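A.B. asks: Have a look at this fold, sequence not included:
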């Protein structure tokens, strides 16, 4: 965790430029490049990639870029530029996939209940697009909170490099398991082989329960997706001795 490597530097610059673009343009850049639910009219095919460069606020991008530098630079130094980029974007796309699949489940499970409760498909679409649905008698079948959670999953875009960075974290933990890490709110050094799985378990807990120690509006399933795809790639490479080969 020393100097910033060239690819990490380029990624950080790209993230900062996208962030500045959102500050300058307002909603235009944010709506164009964030990852919307794939049945939302704002979804575009490039968003699974571009959402990795979008961030929701200053602290969001600061923490992500710090993690990218701290954990990504040793991996790039070990793997080389091309291998790291392949890994980074694969983990980010995996995060987008898992996040989208969970969103699909959340949206369509409530849709099924609304259809059973008497709303038509047209009334559901009208609610999602215009906020006006069918009869309130449907509340006997599905709660208002469930309907609102469906709308949140449909309308709220995913942003941030966190999914890709979780993949980087997992690979770092597998390559350097005994390096001691710590967070500001938990200033006690913990070895990477314990710290990183613990962080992922917190995301899993938050994803399943909806309760988060780190605040709301966190794409926990994207984190888990990035970690899962990162683990699969890093494990395969390690098992097949790919970690011993650089892709320059």
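C.D. replies: Perfect, I can see it now. Since the structure is predicted, the reported quantities are computational estimates derived from the model, not experimental observations. Numbering: from 1, shown residues only.
A.B. asks: Which strands or helices does the helix-or-strand element of the chain with minimal mean pLDDT pack on?
C.D. replies: The helix or strand of the chain with the poorest confidence is strand 180-183; it has a mean of 76 (mean pLDDT, DSSP states H and E). Using 3 or more Cβ pairs under 8 Å, 6 or more residues apart in numbering; DSSP states H and E, the elements in contact with strand 180-183 are strand 186-191, helix 192-209. In short, each C-beta sits where N, CA and C put it, glycine included.
A.B. asks: how far does that strand sit from the chain's center?
C.D. replies: 22 Å (Cα atoms, centre = their mean, to the nearest Å).
A.B. asks: Turn the helices and strands packed on strand 180-183 into TSV, including mean pLDDT.
C.D. replies: Converted to TSV, the helices and strands packed on strand 180-183 look like this (pLDDT from 0 to 100):
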stretch	mean pLDDT
strand 186-191	79
helix 192-209	89
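A.B. asks: for those, which one sits closest to residue 68?
C.D. replies: Residue 68 lies closest, by Cβ to Cβ, to one member of the helices and strands packed on strand 180-183: helix 192-209, at 14.9 Å.
A.B. asks: who does that closest one touch, helix- and strand-wise?
C.D. replies: Looks like helix 192-209 contacts helix 162-175, strand 180-183, helix 220-239 (3+ Cβ pairs under 8 Å, 6+ apart).
A.B. asks: Report the buried residues of that helix.
C.D. replies: By neighbour count on 16 or more other Cβ atoms under 10 Å, the buried set for helix 192-209 is 192, 195, 196, 199, 200, 203, 206, 207.
A.B. asks: How about the contacts made by the residue lying closest to residue 164 once chain neighbours are set aside?
C.D. replies: Spatial nearest neighbour of residue 164, excluding adjacent residues (Cβ to Cβ, 6 or more residues apart in numbering): residue 92 at 3.4 Å. If a contact means Cβ atoms under 8 Å, 6 or more residues apart in numbering, then residue 92 has 48, 49, 52, 161, 163, 164, 167, 226 as its contacts.
A.B. asks: now the helix or strand hosting residue 92 against helix 192-209, angle please.
C.D. replies: In this structure, residue 92 sits in helix 81-117 according to DSSP states H and E. Counting by axes from the mean of the first three to the mean of the last three Cα atoms, to 10 degrees, helix 81-117 lies at 20 degrees to helix 192-209.
A.B. asks: quick one: average pLDDT of helix 81-117?
C.D. replies: Mean pLDDT, helix 81-117: 96.
A.B. asks: and what of stretch 21-41?
C.D. replies: On average, stretch 21-41 scores 92.
A.B. asks: Any chance you could list what contacts it?
C.D. replies: 18, 42-44, 46-48, 50-51, 53-55, 96, 99-100, 103-104, 107, 129, 153-155, 157-159.
A.B. asks: Buried only: go through those for me.
C.D. replies: Buried among the contacts of stretch 21-41 by 16+ other Cβ under 10 Å: 18, 47-48, 50-51, 53-55, 96, 99-100, 103, 107, 153-154, 157-159.
A.B. asks: now the helices and strands packed on strand 180-183 as JSON lines including distance to residue 7?
C.D. replies: Shown next, in JSON lines, are the helices and strands packed on strand 180-183 (distance: least, Cβ to Cβ, whole Å):
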{"stretch": "strand 186-191", "distance to residue 7": "27"}
{"stretch": "helix 192-209", "distance to residue 7": "21"}
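A.B. asks: and the residue sitting furthest away from the middle of the chain, what does it touch?
C.D. replies: The C-alpha centroid of the chain is most remote from residue 137, which lies 36.3 Å away (Cα atoms, centre = their mean). By Cβ under 8 Å, 6+ apart, the contact list for residue 137 reads 117, 118.
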